[in-house]
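Trainee: Build the 3D model from these lines:
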Amino acid sequence: MIAVRGGHLAAALGLLLLLWAIPAAGAASPEDAPEELRPVQWVLDTDKPPPKPKSKFVAVAVHEMGCASGRNPLPHLDKPEVRYGKRGVVITLRIDPPDGAQLCPSNPVGHLRVRLPGPLGKRKLYDGADEPPRKVEYGEDPQRPGKLLPGY
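Mentor: This next block holds a predicted model:
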């Protein structure tokens, strides 16, 4: 039994909980195994001109929505998956989620170019992170895909 005087009960309970949690935090278990890559939404990068029919690259902006302690998403992205069809191009980006507990500030927007297997032509662009894939429009807010920025 722990003897505690006066107003020190909260501090003692906090210390007890901390000491109890430390061994559990370092323990290996199946729940501690790294998660699989998860899809991450993207929008067309409005810092660049919109793609044209002759474009073989698409400038995109990606914003990691989950808690990631404000990290840059680019080093954690897997190679883009590009599915080319007659009427559309589906681009799916996946990210390696951070390990452990994370802070939840707003994460930065990352900018990258995605290579297409050929000219875009009249094909529409779709984000494969959504099911069904979401049609992407120029002028969308990277922090709220599907919502246009003011002035677009």
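Trainee: for residue 131, phi and psi?
Mentor: In terms of degrees, to the nearest 10, the main-chain angles of residue 131 are phi -130, psi 110.
Trainee: any idea how far it is from residue 84?
Mentor: Using CB to CB, to the nearest Å, we find residue 131 at a distance of 19 Å from residue 84. Yep, even glycine has a C-beta here, placed from its N, CA and C like the rest.
Trainee: Same question for residue 53.
Mentor: Relative to residue 84, and taking CB to CB, residue 53 is found at 14 Å.
Trainee: What of residue 139?
Mentor: Residue 139 is 24 Å from residue 84, by CB to CB.
Trainee: Geometric centre of the chain: which residue is closest?
Mentor: Closest residue to the average C-alpha location of the chain: residue 64 at 2.5 Å, with CA atoms, centre = their mean.
Trainee: just checking, that one touches residue 39?
Mentor: No. Residue 64 is beyond contact range of residue 39, at 11.0 Å (criterion: CB atoms under 8 Å).
Trainee: hey, what's in contact with both of the two?
Mentor: residue 95 (CB atoms under 8 Å, 6 or more residues apart in numbering).
Trainee: For residue 53 and residue 84, indicate the residue with more neighbours.
Mentor: residue 84 (14 against 9; other CB atoms under 10 Å).
Trainee: now the strands for this structure?
Mentor: Using DSSP state E, the strands of the chain run over residues 38-40, 42-44, 57-63, 81-84, 88-95, 109-115, 124-127, 134-135, 140-141, 144-148.
Trainee: Highest mean neighbour count out of those?
Mentor: strand 42-44 (a mean of 26; mean count of other CB atoms under 10 Å).
Trainee: what packs against it?
Mentor: strand 57-63, strand 124-127, strand 140-141 (3 or more CB pairs under 8 Å, 6 or more residues apart in numbering; DSSP states H and E).
Trainee: tell me the average confidence for stretch 73-89?
Mentor: On average, the pLDDT along stretch 73-89 is 92.
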